[in-house]
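Undergrad: With the sequence up front, the predicted model follows.
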Amino acid sequence: RVLRQRAQSVLLKPELERACRNFLQMHCTTHVNIGEELKCLQENYEVLPEECRSHVAQDIRAQVNNYYLHPNWIKGCDRELNTYCVGFHDKQDARGAVKCLFRAAVDYPFGSENGITKKCAAVLEGIQVLEMKDFKFSHDLRKACKPSVKRFCKGEKTTYGVMTCLVHTIIDDIVNDQEAKISKQCITQLDFELQKKHSGMHVDPILAEACQIELAGPCQQLQGPEALECLRELDHSELTESCQKVLLEEGEEEAINNQIDVVLMRSCKKEIRQYCASVNSTTIVTCLAQFVNNIEFEQKCAKVVKLRISQHSYDFRLNTDLARGCRHDIKKYCSNMQEDDKFNEGKVIFCLKDIYTKNVNLLTKGCARQMQVEVKAESVAKVDPQLEVICPQLVAKCRQNLQSRGNRRHHIEGLEGCLYEHLRSGRIPDGDDCKIVLAVHAESQNRDVQADHMLYNACSLDLVKFCRDVSPGDGRKFSCLVAISKDKNFALEPKCDEIVKDRVVMYNVALKIHPMEQAVQLYHAVMASEERNQILSAAIFFLGIVFLFGLLFGRVTKRVNREIKNK
C-alpha cells in the first residue's frame, strides 16, 4: 500500500508500479520527486526484469509518439518552443516540435549567443538517450527506415546499432560505386539522427562508455562536441581499443556527410557559404582545404580544417572519395595493411603514395587523381602520419628546433623544411626506413607544385610568367621552373630560384633513396596502364622510323664501302 501511494505521488502509472515493484524497491528508493521513478526505470531499461521492461517499453513508445506526455517536456523547453517552434507548439504537433527543437539545438547550442537553455538541452538529451536504447523507440527513424533495416540490419536491436549498420551500408555503396540500397527518405532521416547524436550537450552514451578512461583523464573538463574534439586530438597510442573503435565509427559517419560534423559546420559557416556551397556533402573538407591559406580565411575555421585533414590522413576510410577512387588499388597492393576496428595510422595511404611516386601508371586513373588531391590536402596538415610513426626522433628534434629562437630558417620553413634539411644532409637518427618515408613524402610533392606550399608561394609569379601553358601534374610545372633557372636568357625571382635549386638537390637525394621503376617494372606499368594501346602504338611507330632510316642509309654505306674496295 505504501509503495502504491508513493507511486501515485510521483505520477507513476499503477500497472507500471505493479510490474516493476520489486525493482523500484531495490534500485529507485531515492527517486522521490515527480517523474523520477519513471526516469530511474528508463535509465535501467537494459537490466529490468522481462515483465517490467515490457511495460516500460510500452510507456516509452507512447511517449515517443507524443512527446507532450513527457513530464518535463513543456517545463524544460517552454522558452525554446515559444521562440523557435511556435507554429508546431500552437498546433500541439509533438513530432514537428521535437524536430524543430533539435534543429534549434544544432544552430543555437547551449552556451552560445541566443543558445538553448541548459534545462532544454538536458530534456533533449534525455529524449535522445531514450530513443537510442531500442530501435522501437526511435519513431521517425523507424518510420523512414523500416524496409532498409529489415533487409540489411535485421539482427540490430538498439538504435545505435541500426544507425551504425545503415552508415556502413551507405559507405559500401559509395565506395563500390553501386546504386544506393538505402532509400533517400531513410538517408535524410539518418542524417538528422546523426546530427542530433553529434551535437548533444554531453558525449553520447556509447562513446562515453567506450572512452570512459580518456574522458576521466585528459578530457574530463569538457562536454559534447568539445569532448569529442579532445579525444580526436589524443595520440592513438594513448587510446584504449574500445575508444579507437567508436572514434573510427564517428569519423566514418562524418565522412559520408561532412554536414553532421558539428564543430566544422559551426566554425566554417561563412567559408562554406563562400567557397563550397555547391559541393557534395562528402567533399566539404577537401573543398575548404583548397582555400585554407587564403588571407581572408578565418583562423578558427582554418584550424578545424587542418585538424580534419590531419585526422583523415590516418585512415583512408575517413575519406570516402579516396576509398572509392582507390578501392581496386587498395585490394591489389595494400590489402594486408587494413585493420577493421583500429586506426590504420596512414599505412594504406602511404602504400598508395609509394606507388604513386614510383610509377603512377600502376594506379588506376581515378586513384591517381585522388592521390594528387590527397597529397595537396596533406600539405596543409601538420605532418604525414607515417613520419610520426617511423621518424619519431627526427620529428621530435625538428619540433624542438622550431621552438628555438636562434634557428630562424627552421622557423620560416616550418617542420617540413627542417625534415627536408636532414634528408639532404643524411643526418637521420631513425634509420633507413625513415629515409624512405621522407623520400616518398618529398617525391609525392614534386609531382604537383601546389602540394609544396613553400615552393608554390615563392614561385607563383614565375609560374604565371613562364609556365602558364604547361599542364599541371607529373612534375611538369617543376621541370619548367628548373629549365628556366638554367636558361641564361631568363631569370626567376631570387627567392624562387633559391628554393628551386634547393629542391633539385633534395629530389636527387630522394631519388637515390627511393628510385623510380626500372625497365622491367616500367614494362608492367605500361601493360597495366589504361593508355597502353596508345603507348605501344607510339613505340612501334618510333621503332619503324628507326628501322626505315637504318635500311635506307645502311644501303648507302654499303655502296661506298664497295666502291672503296674496288679501287
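TA: Structure's in. What do you need? Here the structure is a predicted model, which is why all the values come from computation and not from measurement.

Undergrad: can you pull out the strands in the stretch 301-450 of the chain?
TA: Shown for the stretch 301-450 of the chain, no strands are assigned by DSSP state E, counting those that start in this stretch.

Undergrad: which residues of it score low on pLDDT?
TA: Low-confidence segments of the stretch 301-450 of the chain, defined by pLDDT under 70: 380-383, 404-413.

Undergrad: name the helices or strands packed onto the host helix or strand of L481?
TA: Element membership for L481, per DSSP states H and E: helix 476-486. Where contact means 3 or more Cβ pairs under 8 Å, 6 or more residues apart in numbering; DSSP states H and E, helix 476-486 is packed against helix 453-466, helix 494-513. (C-beta placed from N, C-alpha, C; glycine too.)

Undergrad: now these in CSV, with distance to Q223, mean pLDDT and mean neighbour count?
TA: Shown next, in CSV, are these (distance: least, Cβ to Cβ, whole Å; pLDDT from 0 to 100; neighbours: other Cβ atoms under 10 Å):
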stretch, distance to Q223, mean pLDDT, mean neighbour count
helix 453-466, 36, 87, 18
helix 494-513, 46, 87, 17
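
Undergrad: CA-only coordinates of the helix holding L481 in PDB, if you can.
TA: Provided in PDB are the C-alpha atoms of helix 476-486 (Å, rounded to 0.1, in the frame of the first residue of the first chain):
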ATOM      1  CA  ARG A 476      55.800  19.200 -65.300                       C
ATOM      2  CA  LYS A 477      55.500  22.600 -63.700                       C
ATOM      3  CA  PHE A 478      58.500  22.000 -61.500                       C
ATOM      4  CA  SER A 479      60.500  20.800 -64.600                       C
ATOM      5  CA  CYS A 480      59.500  24.100 -66.300                       C
ATOM      6  CA  LEU A 481      60.900  26.100 -63.300                       C
ATOM      7  CA  VAL A 482      64.200  24.100 -63.400                       C
ATOM      8  CA  ALA A 483      64.600  24.700 -67.100                       C
ATOM      9  CA  ILE A 484      64.100  28.500 -66.600                       C
ATOM     10  CA  SER A 485      66.600  28.500 -63.800                       C
ATOM     11  CA  LYS A 486      69.200  27.000 -66.100                       C
END
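
Undergrad: can you list contacts of that helix?
TA: Outside helix 476-486, the residues that touch it by Cβ atoms under 8 Å, 6 or more residues apart in numbering are 446, 448-449, 455, 459, 462-463, 466-467, 470, 490, 492, 496-497, 500-501, 503-504.

Undergrad: Give me the buried positions along it.
TA: Across helix 476-486, burial judged by 16 or more other Cβ atoms under 10 Å covers K477, F478, C480, L481, V482, I484, S485.

Undergrad: pLDDT score assigned to the second one?
TA: In other words, F478. Here, the pLDDT recorded for F478 equals 87.

Undergrad: same check, this time on the fifth one
TA: Looking at V482, its pLDDT is 89.

Undergrad: pLDDT weak spots in the stretch 151-300 of the chain?
TA: Judged by pLDDT under 70, the stretches of the stretch 151-300 of the chain that qualify are 200-203.

Undergrad: Count the residues that sit near D172.
TA: Applying other Cβ atoms under 10 Å, we find 12 residues neighbouring D172.

Undergrad: Any buried residues in the helix or strand encompassing it, and which?
TA: Taking DSSP H and E as the criterion, the element that holds D172 is helix 159-175. Applying a neighbour-count criterion of 16+ other Cβ under 10 Å, one finds 159-160, 162-171, 173-175 buried in helix 159-175.

Undergrad: helices or strands next to that helix in the packing?
TA: Helix 159-175 packs on helix 118-133, helix 139-152, helix 184-198, helix 241-256, helix 320-325, going by 3+ Cβ pairs under 8 Å, 6+ apart.

Undergrad: where does Y84 fall, phi/psi-wise?
TA: phi -100, psi -20 (degrees, to the nearest 10).

Undergrad: Skipping its backbone neighbours, what lies nearest it in space?
TA: A104 (4.2 Å; Cβ to Cβ, 6 or more residues apart in numbering).

Undergrad: so the one you found is in which element?
TA: helix 94-107.

Undergrad: Can you name every helix or strand that that helix contacts?
TA: helix 73-83, helix 86-90, helix 118-133, helix 139-152, helix 184-198.

Undergrad: P515: which of these is closest?
TA: Nearest to P515, of all these, is helix 184-198, at 45.9 Å by Cβ to Cβ.

Undergrad: What helices and strands are in contact with the very next helix or strand once past the closest one?
TA: Reading on from helix 184-198 to the C-terminus, the next helix or strand found by DSSP H and E is helix 205-210. Counting contacts by 3+ Cβ pairs under 8 Å, 6+ apart, helix 205-210 packs against helix 118-133, helix 241-256.

Undergrad: Quick check: the residue nearest to Y84 vs R308, distance?
TA: 26 Å (Cβ to Cβ, to the nearest Å).

Undergrad: what does G473 give?
TA: Distance from G473 to R308, by Cβ to Cβ: 25 Å.

Undergrad: higher neighbour count, these two?
TA: R308 (26 against 15).

Undergrad: wouldn't that one be in contact with V285 here?
TA: Yes: R308 lies in contact with V285 (Cβ atoms under 8 Å); the separation is 4.8 Å.

Undergrad: shared neighbours of the two, anything?
TA: D261, L264.

Undergrad: rewinding a little: check the offset of the helix holding D172 from the chain's centre.
TA: From the chain centre to the centre of helix 159-175 is a distance of 16 Å (Cα atoms, centre = their mean, to the nearest Å).

Undergrad: okay, the angle between it and helix 139-152?
TA: 60 degrees (axes from the mean of the first three to the mean of the last three Cα atoms, to 10 degrees).

Undergrad: which residues sit against helix 159-175?
TA: 131-135, 137-138, 141, 145, 148-149, 152-153, 156, 178-182, 186-187, 190, 193-194, 197, 204, 206, 249, 252-253, 255-256, 282, 317, 320, 323-324, 327.

Undergrad: List the contacts of the residue nearest to K495 when sequence neighbours are not counted.
TA: Leaving aside its sequence neighbours, K495 sits nearest to A458 (Cβ to Cβ, 6+ apart; 4.6 Å). Counting by Cβ under 8 Å, 6+ apart, A458 touches E493, K495, C496, E498, I499.

Undergrad: again with G111
TA: Contacts of G111 by Cβ under 8 Å, 6+ apart: none found.

Undergrad: Please report how far it lies from V440.
TA: 44 Å.

Undergrad: same deal with E37?
TA: For E37, the distance to V440 - Cβ to Cβ - is 63 Å.

Undergrad: got it, and Q393?
TA: Distance from Q393 to V440, by Cβ to Cβ: 19 Å.

Undergrad: Please apply the same query to E226.
TA: 36 Å.

Undergrad: neighbour-wise, which of those two wins?
TA: V440 (23 against 14).

Undergrad: ok, the more buried one touching L511?
TA: No: assessed by Cβ under 8 Å, V440 is found out of contact with L511, at 11.1 Å.

Undergrad: Please work out how many residues are found near the closest residue to E254 other than its chain neighbours.
TA: Take E254 and drop its neighbours on the chain: the residue closest to it by Cβ to Cβ, 6+ apart is D261, 4.5 Å away. By other Cβ under 10 Å, 26 other residues sit near D261.

Undergrad: distance of D261 from V106?
TA: With Cβ to Cβ as the criterion, D261 and V106 are 11 Å apart.

Undergrad: what do you get for L38?
TA: 28 Å.

Undergrad: So which of the two has more stuff around it?
TA: Taking other Cβ under 10 Å, L38 and V106 do not tie; L38 has more neighbours (24 against 17).

Undergrad: Backbone dihedrals for the more buried one, both of them.
TA: Taking degrees, to the nearest 10 as the convention, L38 sits at phi -60, psi -40.

Undergrad: Determine how far the last residue of stretch 440-460 lies from the first.
TA: End-to-end distance for stretch 440-460: 24 Å, by Cα to Cα, to the nearest Å.

Undergrad: Return the distance of that stretch from the chain's centre.
TA: For stretch 440-460, the distance to the chain centre is 23 Å (Cα atoms, centre = their mean).

Undergrad: The closest residue to Q259 other than its chain neighbours: neighbour count?
TA: Using Cβ to Cβ, 6+ apart and skipping the chain neighbours, the partner closest in space to Q259 is S281 (5.2 Å). Close neighbours of S281, defined as other Cβ under 10 Å, add up to 11.
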